[in-house]
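> after the sequence you'll find the predicted model.
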Amino acid sequence: LASLGVPAEIAPDQAVSPPHHTGSCFGAAAGGELTVRRRKLVGSAQVRLGRVVLQHGSILLEDDQGMLAELGGVVPDPGRRAAVRALLGRPPDPGELETEIVDAFLGLEGRAESVVDAPSAALPGERALLEHYESESWTWRR
């Protein structure tokens, strides 16, 4: 995010986590999530079941939370959230944010395009995992 010019910061740990009933995950920032000027930009959720961990993260690209009200949810105060489009003054180009995130994780400094755009460049065994988890049979197995 910093490489795109987004001044994100890690939210400080709080003595008490935000309550689960706050509605949208963008209603309040928990410690370790990313904020911009104390407004939540990146949400994260995690559940642990035995030896299994499920991690989910969301980056708010556009600030269109109106559908939450239509679905009967609580729409968080606009002053509590930030969106990439507003921070950049433009929508991110397709793949731009993904490439920057991969670069940051892998320390590639602008070289992730070959990994992101070329699935054949996947690590050994990764292609099979991608095909498995992207399949309709996995998604709709229940």
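Received, thanks. Since the model is a prediction, treat every value here as computed from it, not as a measurement.

> for residue 100, grab phi and psi.
Taking degrees, to the nearest 10, you get phi -70, psi -40 for the backbone angles of residue 100.

> remind me, longest strand of the chain?
Once the chain is assigned using DSSP state E, the strand that runs over the most residues is strand 39-49.

> can I get that strand in CSV, CA atoms only?
Taking Å, rounded to 0.1, in the frame of the first residue of the first chain, the C-alpha atoms of strand 39-49 are listed here in CSV:
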residue,chain,number,x,y,z
ARG,A,39,-10.0,5.1,9.5
LYS,A,40,-10.1,1.4,8.8
LEU,A,41,-8.8,0.3,5.4
VAL,A,42,-8.0,-3.4,5.8
GLY,A,43,-10.2,-5.8,7.7
SER,A,44,-9.1,-9.2,9.0
ALA,A,45,-10.9,-12.1,10.6
GLN,A,46,-9.6,-15.4,11.9
VAL,A,47,-11.1,-18.5,13.3
ARG,A,48,-9.3,-21.5,14.8
LEU,A,49,-10.9,-24.9,15.0
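
> that one packs against which elements?
Judged by 3 or more CB pairs under 8 Å, 6 or more residues apart in numbering; DSSP states H and E, strand 39-49 is in contact with strand 34-36, strand 52-59. The C-beta positions use only the backbone N, C-alpha and C, and glycine is treated the same way.

> excluding its backbone neighbours, what's nearest residue 46?
residue 55 (5.0 Å; CB to CB, 6 or more residues apart in numbering).

> next one: residue 40
Using CB to CB, 6+ apart and skipping the chain neighbours, the partner closest in space to residue 40 is residue 29 (4.1 Å).

> from memory the one you found sits against residue 44, does it?
No - with contacts counted by CB atoms under 8 Å, residue 29 stays clear of residue 44, the gap being 9.7 Å.

> and those two? which has more neighbours close in?
Neighbour totals were compared for residue 29 and residue 44, and residue 29 leads with 26 against 14 (other CB atoms under 10 Å).

> where's that one, which helix or strand?
Per DSSP states H and E: residue 29 is located in neither a helix nor a strand.

> measure it to residue 35 for me?
Separation of residue 29 from residue 35 (CB to CB, to the nearest Å) stands at 5 Å.
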